[in-house]
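K.L.:
structure of the sequence below:
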Amino acid sequence: MMTELLLGTGVGLALGLTGSGGVLAVPALMLGLGFSLQQAAPVSLIAIGIASLIGSLDGLRQGIVRYRAALLMALAGTACAPLGIWLSHQLPTHWIMVVFIALLLFIAGRMIHQALQPPADASLPLGSQGNCLLDEDTGRFQWNLRCFSTVFAIGGGAGLTSGLLGVGGGFLIVPGIRHFSLLGMHSVVATSLAVITLISAGTVAQSLWHGAVIPVSGWWFIGATIVGLIGGRALAPRLPAKALQLSFSVLAVLVAAMLAHRYLLG
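P.N.:
The predicted model follows:
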């Protein structure tokens with residue numbers, strides 16, 4: 001039980017601090033508890049979904065969730081998730097692990113790149129950069145075809161990986177929004193959590209429909225993840241975004257190396 005609690009708390013903390021930590025749930029279950037990918041996926045999605053719901057409600061209370069963008073991404077993600085689930089049953093676990101490792105390394109590299117970039121020029125108006133421009137008065141997105149298609153594509157990619165890998169998709173949503181807009185990190189994380197909640201709920205429902213079973217150890221992991229998420233959300237505003245990005249990037253690289261050693265080289 002202690003292992004489940006420690007792993008779940010760690011994943012919850014990472015999720016609350018960065019909005020992307022949910023990608024670590026499946027590796028934690030596979031490496032730490034010996035779950036297969038098929039066993040880990042629904043447990044991961046339930047843990048991520050419930051924890052993200054708590055975090056997104058807090059973000060809504062603070063008024064930092066971009067709910068229109070969240071709903072659009074969730075719609076796209078829910079539509080693409082069945083394709084990911086189908087692929088997960090067609091591809092050998094070996095190749096799915098290759099995809100998982102590649103995505104971990106990609107997102108780590110992207111986060112490092114963003115964290116090391118100089119801050120945006122404060123003299124530029126809010127709406128002067130990115131595919132999704134921000135209104136100077138309200139700080140909200142200015143919706144047009146380019147912004148709509150960008151947000152929809154990010155959500156679709158999150159849903160596809162959710163179905164294929166059993167992850168919430170925050171590791172795509174957070175860097176995606178930050179790359180295509182100037183939205184602040186804490187608002188990005190809160191919006192990501194709202195999207196993950198909706199996508200995870202739909203994907204879990206489909207997995208349970210296909211006969212997935214949650215073991216007792218999985219429920220301990222889920223409960224600990226929720227506790228960790230609450231702690232992470234409380235700490236997030238007190239920590240610099242750059243430090244959070246760099247720390248998560250290092251952790252993602254280490255997890256990718258462990259997965260490669262266990263499932264590809266071992």
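K.L.:
with only the CA atoms kept, save the strand or helix carrying Met73 in PDB.
P.N.:
Met73 is part of helix 67-90, with elements assigned from DSSP states H and E. Extracted C-alpha coordinates of helix 67-90, given in PDB (Å, rounded to 0.1, in the frame of the first residue of the first chain):
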ATOM      1  CA  TYR A  67     -13.400  27.500 -20.600                       C
ATOM      2  CA  ARG A  68     -14.300  28.100 -24.300                       C
ATOM      3  CA  ALA A  69     -10.800  26.700 -25.300                       C
ATOM      4  CA  ALA A  70     -11.200  23.900 -22.800                       C
ATOM      5  CA  LEU A  71     -14.600  22.800 -24.200                       C
ATOM      6  CA  LEU A  72     -13.300  22.900 -27.800                       C
ATOM      7  CA  MET A  73     -10.200  20.900 -27.000                       C
ATOM      8  CA  ALA A  74     -12.300  18.400 -25.000                       C
ATOM      9  CA  LEU A  75     -14.800  18.000 -27.900                       C
ATOM     10  CA  ALA A  76     -11.900  17.300 -30.300                       C
ATOM     11  CA  GLY A  77     -10.200  15.000 -27.800                       C
ATOM     12  CA  THR A  78     -13.300  12.900 -27.200                       C
ATOM     13  CA  ALA A  79     -13.800  12.500 -30.900                       C
ATOM     14  CA  CYS A  80     -10.200  11.300 -31.400                       C
ATOM     15  CA  ALA A  81     -10.000   9.000 -28.300                       C
ATOM     16  CA  PRO A  82     -11.700   6.000 -29.900                       C
ATOM     17  CA  LEU A  83      -9.000   5.900 -32.600                       C
ATOM     18  CA  GLY A  84      -6.400   5.800 -29.900                       C
ATOM     19  CA  ILE A  85      -8.100   3.000 -28.000                       C
ATOM     20  CA  TRP A  86      -8.400   1.000 -31.300                       C
ATOM     21  CA  LEU A  87      -4.700   1.500 -32.000                       C
ATOM     22  CA  SER A  88      -3.800   0.400 -28.500                       C
ATOM     23  CA  HIS A  89      -5.400  -3.000 -29.200                       C
ATOM     24  CA  GLN A  90      -3.700  -3.300 -32.600                       C
END
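K.L.:
that helix - contacts with which helices or strands?
P.N.:
helix 37-62, helix 145-165, helix 185-209 (3 or more C-beta pairs under 8 Å, 6 or more residues apart in numbering; DSSP states H and E). Quick note: C-beta positions are derived from backbone N, CA and C, even for glycine.
K.L.:
tell me which other helices or strands the helix or strand following it touches.
P.N.:
Remark: after helix 67-90, the chain's next helix or strand is helix 93-116, criterion DSSP H and E. If contacts are counted by 3+ C-beta pairs under 8 Å, 6+ apart, helix 93-116 sits against helix 37-62, helix 145-165, helix 170-180, helix 241-259.
K.L.:
save those helices as JSON lines, and put in mean pLDDT too.
P.N.:
JSON lines is the format used below for those (pLDDT from 0 to 100):
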{"stretch": "helix 37-62", "mean pLDDT": "85"}
{"stretch": "helix 145-165", "mean pLDDT": "91"}
{"stretch": "helix 170-180", "mean pLDDT": "82"}
{"stretch": "helix 241-259", "mean pLDDT": "89"}
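K.L.:
which one of those is the most hemmed in?
P.N.:
helix 170-180 (a mean of 25; mean count of other C-beta atoms under 10 Å).
K.L.:
separation between the closest residue to Ser200 other than its chain neighbours and Ser149?
P.N.:
Nearest in space to Ser200, with sequence neighbours left out and distances taken as C-beta to C-beta, 6 or more residues apart in numbering, is Gly49 at 3.2 Å. Look at Gly49 and Ser149: by C-beta to C-beta, to the nearest Å, they are 26 Å apart.
K.L.:
what stretches of the stretch 101-250 of the chain score poorly on pLDDT?
P.N.:
Scanning the stretch 101-250 of the chain with the threshold set as pLDDT under 70 gives 118-130, 136-139, 210.
K.L.:
ok, now which ones touch Thr18?
P.N.:
The contact partners of Thr18, by C-beta atoms under 8 Å, 6 or more residues apart in numbering, come to Gly170, Val174, Val189, Leu244, Gln245, Phe248.
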